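1. Provide a 3D model corresponding to the input given below.
(4 chains)
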There are 2 protein chains.
Amino acid sequence: MTRRPGEIPLLIAMAFRVMTDQLHAGIEAEGREPLRPAHGYTFRFLLGRDDATTVDLADHLGVTKQAASKIVAELEGWGYVERRPHPTDGRARVLGLTAKGRTYVEHADELWRQAEDRWASIIGADRLDRLHEDLRAFVDASGGRAALRPVW
Amino acid sequence: MTRRPGEIPLLIAMAFRVMTDQLHAGIEAEGREPLRPAHGYTFRFLLGRDDATTVDLADHLGVTKQAASKIVAELEGWGYVERRPHPTDGRARVLGLTAKGRTYVEHADELWRQAEDRWASIIGADRLDRLHEDLRAFVDASGGRAALRPVW
DNA sequence: CGCATTAGTCAACCGAATTGACCATATCAG
DNA sequence: CTGATATGGTCAATTCGGTTGACTAATGCG
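-> Next comes the predicted model:
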């Protein structure tokens, strides 16, 4: 088969767009704060670790600590995230999800599941699983953790 | 298999990042103008049609006509694109690739091929083909042509 | 102890988009 | 044919999300 070169990245960009748009539509319909993908990735990051600082988040997102700090401030203002003093380091603040934050993540997971299910219903769950593996393999092989950043 | 919900979009974003970064590295190494993804998509769009106006491009990219106009102006300044008067519509200008623009596209195709080959060498060409189909199926089923826009 | 490093903030700036106002040409209804 | 409306394009101001740079305060290693 002859793939047109450059088509895969284009399709990837579009697929990402479609999925996030679907999620975003779901969120907006609920009259929620204007949460952006970066916020979602922040939630997911904080779920995993309970000792993360703003600098850690910045590193994870692939942005400067100032930018990460802004994001955190926003989320804190909306009550999704809280900053607690670090137990041992007087300079640092430990980030954590509030109850509201955790509730939101569960809700978002449901929406993601729906988006993924839509895709699965088109190509089949097994192929979606394989696609998942292939994406993972490519990303892992390419330095493991690509910056998440704005994409153009 | 239990996929973690929300992981696929994350991986998609990362995969896109990785591919475009690889391409960008190739371009930059050649001391070329700072071409961005939007420029690439513009080239690809103009290759297909020879009667496109700035408004058409804006629609394709999913941005305002002002934004598209800036992109075109930039590309025109670098000699990749030219604006000719529209044969029948006195307001409009027809966009077209210059020889330099077409040469560039061929070159970019080569770089894309390389990026895709890298992926194929990891997961196998047949799986990449299938992945390509699956992306296409999803995008087509979701309104066919998602806006290309900034992705977060 | 002293000095380089690090977490975080404040402020200025930047790039790439947006909105809004506008002009000139096209198109359509009467 | 003419007048109203829609459309392609430009100019200017603003917005948004990020960056760079300078700084403070706490850390931790020699």
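2. surely A:Glu33 is within a helix?
-> No - under DSSP: H, G, I helix; E, B strand; the rest coil, A:Glu33 falls outside any helix and is assigned coil.
3. residue contacts, it?
-> Shown in contact with A:Glu33 (C-beta atoms under 8 Å, 6 or more residues apart in numbering or on different chains): A:Trp78. For the C-beta atoms, the positions are set from N, CA and C on the backbone; glycine is no exception.
4. roughly how far apart are it and A:Gly79?
-> 9 Å (C-beta to C-beta, to the nearest Å).
5. A:Val139 versus the closest residue to A:Glu133 other than its chain neighbours, what's the distance?
-> Nearest residue to A:Glu133, sequence neighbours excluded (C-beta to C-beta, 6 or more residues apart in numbering or on different chains): B:Ile123, at 7.9 Å. Using C-beta to C-beta, B:Ile123 is found at 11 Å from A:Val139.
6. what do you get for A:Trp119?
-> From A:Trp119 to A:Val139 the distance is 18 Å (C-beta to C-beta).
7. who has more neighbours, these two?
-> A:Trp119 (25 against 20; other C-beta atoms under 10 Å in any protein chain shown).
8. list the buried ones in the helix-or-strand element of chain A with minimal mean pLDDT?
-> Each helix and strand of chain A was given a mean pLDDT (mean pLDDT, DSSP states H and E); the minimum falls on helix A:7-29 at a mean of 84. Of all the residues in helix A:7-29, those buried under the rule 16 or more other C-beta atoms under 10 Å in any protein chain shown are A:8-24, A:26-27.
9. for B:Ser142, see how far away A:Ser121 is.
-> 12 Å.
10. give me the more crowded residue out of those two.
-> B:Ser142 (20 against 11).
11. residue contacts, the residue nearest to the more buried one when sequence neighbours are not counted?
-> Excluding the flanking residues, the one nearest B:Ser142 by C-beta to C-beta, 6+ apart is A:Val18, at 4.4 Å. Applying C-beta under 8 Å, 6+ apart to A:Val18 gives the contacts B:138-139, B:142-143, B:146.
12. same question, A:Ile123
-> So A:Ile123 contacts A:131, B:133-134, B:137-138 (C-beta under 8 Å, 6+ apart).
13. JSON lines for the residues you listed, including neighbour count, distance to DNA strand C and secondary structure?
-> Listed next are these as JSON lines, based on neighbours: other C-beta atoms under 10 Å in any protein chain shown; distance: C-beta to the nearest atom of the strand, whole Å; DSSP: H, G, I helix; E, B strand; the rest coil:
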{"residue": "A:Leu131", "neighbour count": "24", "distance to DNA strand C": "28", "secondary structure": "helix"}
{"residue": "B:Glu133", "neighbour count": "16", "distance to DNA strand C": "29", "secondary structure": "helix"}
{"residue": "B:Asp134", "neighbour count": "21", "distance to DNA strand C": "28", "secondary structure": "helix"}
{"residue": "B:Ala137", "neighbour count": "17", "distance to DNA strand C": "28", "secondary structure": "helix"}
{"residue": "B:Phe138", "neighbour count": "23", "distance to DNA strand C": "24", "secondary structure": "helix"}
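14. center of chain A, which residue is that?
-> A:Tyr41 (2.5 Å; C-alpha atoms, centre = their mean).
15. close to DNA strand C, is the helix or strand containing that one?
-> Under the criterion of DSSP states H and E, A:Tyr41 resides in helix A:37-48. No - figure legend: helix A:37-48 not in contact with DNA strand C (C-beta under 7 Å from any atom of the strand); closest approach 12.8 Å.
16. and that helix, which residues are buried?
-> A:37-46.
17. same deal with stretch A:54-64?
-> For stretch A:54-64, a neighbour-count test (16+ other C-beta under 10 Å) marks A:54, A:56-63 as buried.
18. gap between that stretch and the chain center?
-> 13 Å (C-alpha atoms, centre = their mean, to the nearest Å).
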